Each structure stands twice: as structure tokens, then as C-alpha cells.
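Peer 1: Next input, structure requested:
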Amino acid sequence: MSVVASNHSTAPTAPSTSTADAGRADQEEVPRRLVVEMSRQSAQDLGEMVTVEELNKTTVINRAIQLYALVRRTLNDGGKVYIQEPGSDEIQRIRLL
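Peer 2: Presented below is the predicted three-dimensional model:
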């Protein structure tokens, strides 16, 4: 399944090499368009999160990437990430390969 994540732009955006545009990059974020091939399970999970969170696909994908980056930075910096399932006393350590 293909999913397109977009923030209002319908055309791909190329990085600007103009020095006049260099200052503008600090002032506003330029939307990027991305086509993603997803497994059936990932597409189902995305659909579930869109429904449960009442958000659009772009927002869910952006939040997932931000969470993954946070976990990755924490682990890379020597920290640990844990999760505890509801109704369980067991705490599981999250590891990314």
C-alpha cells in the first residue's frame, strides 16, 4: 500500500541554493511531500491511529517519526527506555536494532 504524506504542497520541494532564500529557511518550514510504501500491517496500524487519535495521516506519521527520533537519541546517549503493559507488573526495556 502507498501512503502520501503532505503538508499542503502538491509539488516536491527542492532545497534552495540562493543566499536570499537562506534566511527564509529559519523563518518558515517548507512542507515536504513523501510517497511511502507500507506493509499491510503498518497501513492497518496507521489507519487505527488516525481513527483513535482523530488526526490525519500526516500528523500521525510526523509524531511517530518524532517519537522514534526521541527514543533513538535517548538510547544513543546511553539512556534506557521502558514500557509497562496495562495490568502487568512487568517492565520491559525497549531496544532498537
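
Peer 1: show me the residues around the residue most central in space within the chain that make contact.
Peer 2: With distances taken as Cα atoms, centre = their mean, Ile65 lies nearest the centre of the chain, 2.3 Å away. Not one residue lies near Ile65 by Cβ atoms under 8 Å, 6 or more residues apart in numbering. To be clear about C-beta, it is placed using only N, CA and C from the backbone, and glycine gets the same treatment.

Peer 1: That one looks like it's in a strand, true?
Peer 2: No - the assignment for Ile65 is helix, going by DSSP: H, G, I helix; E, B strand; the rest coil, so no strand is present there.

Peer 1: Tell me, what's the model's pLDDT at it?
Peer 2: Listed pLDDT for Ile65 reads 96.

Peer 1: Could you do Ser18 as well?
Peer 2: The model reports Ser18 with a pLDDT of 50.

Peer 1: ok, now how distant is Val71 from Arg63?
Peer 2: Between Val71 and Arg63 the distance is 13 Å, computed by Cβ to Cβ, to the nearest Å.

Peer 1: Over to Met38?
Peer 2: To Arg63, Met38 is 16 Å away according to Cβ to Cβ.

Peer 1: Any chance of the backbone angles for Gln84?
Peer 2: Phi and psi for Gln84, reported as degrees, to the nearest 10, are phi -130, psi 120.

Peer 1: so who does it touch?
Peer 2: 90-92 are the contacts of Gln84 under Cβ under 8 Å, 6+ apart.

Peer 1: can you do 7 Å?
Peer 2: By Cβ atoms under 7 Å, 6 or more residues apart in numbering, the residues touching Gln84 are 90-91.

Peer 1: what sits opposite it in the beta ladder?
Peer 2: In this structure, Gln84 bridges to Ile91 when assessed by DSSP bridges.

Peer 1: and it, what pLDDT?
Peer 2: Among the per-residue scores, Gln84 shows a pLDDT of 96.

Peer 1: what ranges do the strands span in this protein?
Peer 2: Per DSSP state E, the chain carries strands over the ranges 2-5, 34-37, 81-84, 91-94.

Peer 1: Can you say which of the ones you listed is packed in most?
Peer 2: Of all the strands of the chain, strand 2-5 has the most neighbours on average by mean count of other Cβ atoms under 10 Å, namely a mean of 14.
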